[in-house]
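Visitor: No letters, just coordinates:
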């Protein structure tokens, strides 16, 4: 009888210890596991390890269904690695994303690296060419900016020039369109089209603003057209930027804050292409390991963030953190529940 009581007490102690350890494990969480919370408007996914936030235009299917609701913006917290999916009212295949002028941005980042949280943002639609002015925390649209009548505008990228005009690159006709943030109107088509660019996703400028670089997305192999700005006269072409099939190559481009290099996302080539701005020559092609679409730099130019599609699995996307000085990926942040992520901007912490 005494032995039985001792045995019962022993197993009771063991059971209590096991339960205590389990509670500790739940409280601390398990490395590599994901937790998801869902509300009507947003979905949050937490991964593991930062500084600031990344805002990404997303077009999806399933949970983020193209042509329906549930599409708009992914917000990636670089401190916690939490991903929030924000549905934007009226979004129609969003591709471009941009801060509004009332958000302070860092010099030489063409309005794409903010130094404070945004109250409103722009979201450019590929499906109907409209641009939405919306609250990124709620997805509520305050203004819908329509394209010019008859324009074949399908927004892919958005980039601010030195005068504060936001240029919309169009996949529809290969031209760029000016959005005036003072009036929230889209003007008539600017440079591009014809023999220059048939379908454009990216635009950047030389440091002095005299030349623009327009990515011709559907060429095979892909090239970048260098044109005089703002006349649009073709100066030269940077050839063989990518070798991917038409429609999948030479997505967006971005010049480093110091103006020395332009980095080009190579789409289905799964690459990042580095071009010397003083010579317009390709100096490096870096294998990224996923379909690259957009890139944005930190204010100091030491870090870049790349939107990469279909990683780590099909129909999900990630943000890759890139060490500019070493030309290598240092971190991958998964958890964007959509097959297509496009434009990307940075809020530094």
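Guide: Here it is on my side, so go on. This is a predicted model, so every value here is computed, not measured.
Visitor: Please, where are all the helices along the stretch 1-150 of the chain?
Guide: 2-28 (DSSP state H, counting those that start in this stretch).
Visitor: all strands of it, in order?
Guide: 35-38, 42-46, 53-59, 72-77, 82-87, 94-99, 113-114, 121-125, 131-134, 141-145 (DSSP state E, counting those that start in this stretch).
Visitor: residues of the helix or strand where residue 318 lies that come out buried?
Guide: Element membership for residue 318, per DSSP states H and E: strand 317-323. For strand 317-323, burial by neighbour count (16 or more other CB atoms under 10 Å) applies to 317, 318, 319, 320, 321, 322. In short, each C-beta sits where N, CA and C put it, glycine included.
Visitor: Do I have it right that the first one meets residue 311?
Guide: Yes - under the contact definition of CB atoms under 8 Å, residue 317 touches residue 311, with a separation of 6.5 Å.
Visitor: will you turn the strands of the stretch 1-150 of the chain into a markdown table that also has mean neighbour count and distance to residue 337?
Guide: Below are those laid out as a markdown table (neighbours: other CB atoms under 10 Å; distance: least, CB to CB, whole Å):
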| stretch | mean neighbour count | distance to residue 337 |
| --- | --- | --- |
| strand 35-38 | 11 | 9 |
| strand 42-46 | 19 | 7 |
| strand 53-59 | 26 | 9 |
| strand 72-77 | 24 | 8 |
| strand 82-87 | 22 | 6 |
| strand 94-99 | 28 | 15 |
| strand 113-114 | 23 | 24 |
| strand 121-125 | 27 | 18 |
| strand 131-134 | 23 | 20 |
| strand 141-145 | 15 | 22 |
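Visitor: Serialize these to CSV and add fields for mean pLDDT and distance to residue 346.
Guide: Supplementary listing: these in CSV, determined by pLDDT from 0 to 100; distance: least, CB to CB, whole Å:
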stretch, mean pLDDT, distance to residue 346
strand 35-38, 29, 25
strand 42-46, 48, 20
strand 53-59, 95, 6
strand 72-77, 95, 10
strand 82-87, 92, 15
strand 94-99, 96, 10
strand 113-114, 98, 5
strand 121-125, 97, 12
strand 131-134, 98, 18
strand 141-145, 97, 23
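Visitor: still on that earlier bit, what are the pairing partners of the strand holding residue 318, and which direction each?
Guide: strand 303-309 (antiparallel), strand 328-336 (antiparallel) (DSSP bridges).
Visitor: what pLDDT, on average, does the longest one get?
Guide: Averaging pLDDT along strand 328-336 gives 94.
Visitor: Report the angle between it and strand 53-59.
Guide: Orientation of strand 328-336 against strand 53-59 (axes from the mean of the first three to the mean of the last three CA atoms, to 10 degrees) gives an angle of 60 degrees.
Visitor: Just want the angle from strand 328-336 to strand 72-77.
Guide: 120 degrees.
Visitor: and for strand 328-336, what are the contacting residues?
Guide: Residues outside strand 328-336 that contact it (CB atoms under 8 Å, 6 or more residues apart in numbering): 34, 45-47, 49, 56, 58, 74, 76, 78, 81-83, 85, 286, 288-289, 308, 311-312, 316-323.
Visitor: Can you give me the end-to-end span of stretch 274-282?
Guide: 6 Å (CA to CA, to the nearest Å).
Visitor: which residues in the stretch 201-349 of the chain form strands?
Guide: Counting by DSSP E, counting those that start in this stretch, the strands of the stretch 201-349 of the chain are 211-216, 222-228, 234-242, 253-255, 261-265, 271-276, 281-287, 291-297, 303-309, 317-323, 328-336, 340-347.
Visitor: Select, out of those, the one closest to residue 100.
Guide: strand 340-347 (11.1 Å; CB to CB).
Visitor: Now do that closest one: which elements does it pack against?
Guide: Applying 3 or more CB pairs under 8 Å, 6 or more residues apart in numbering; DSSP states H and E, we find strand 340-347 packed against strand 53-59, strand 94-99, strand 113-114, strand 155-160, strand 291-297, strand 303-309, strand 317-323.
Visitor: in its sheet, what does that strand sit against?
Guide: Going by DSSP bridges, the partners of strand 340-347 are strand 53-59 (antiparallel), strand 113-114 (parallel).
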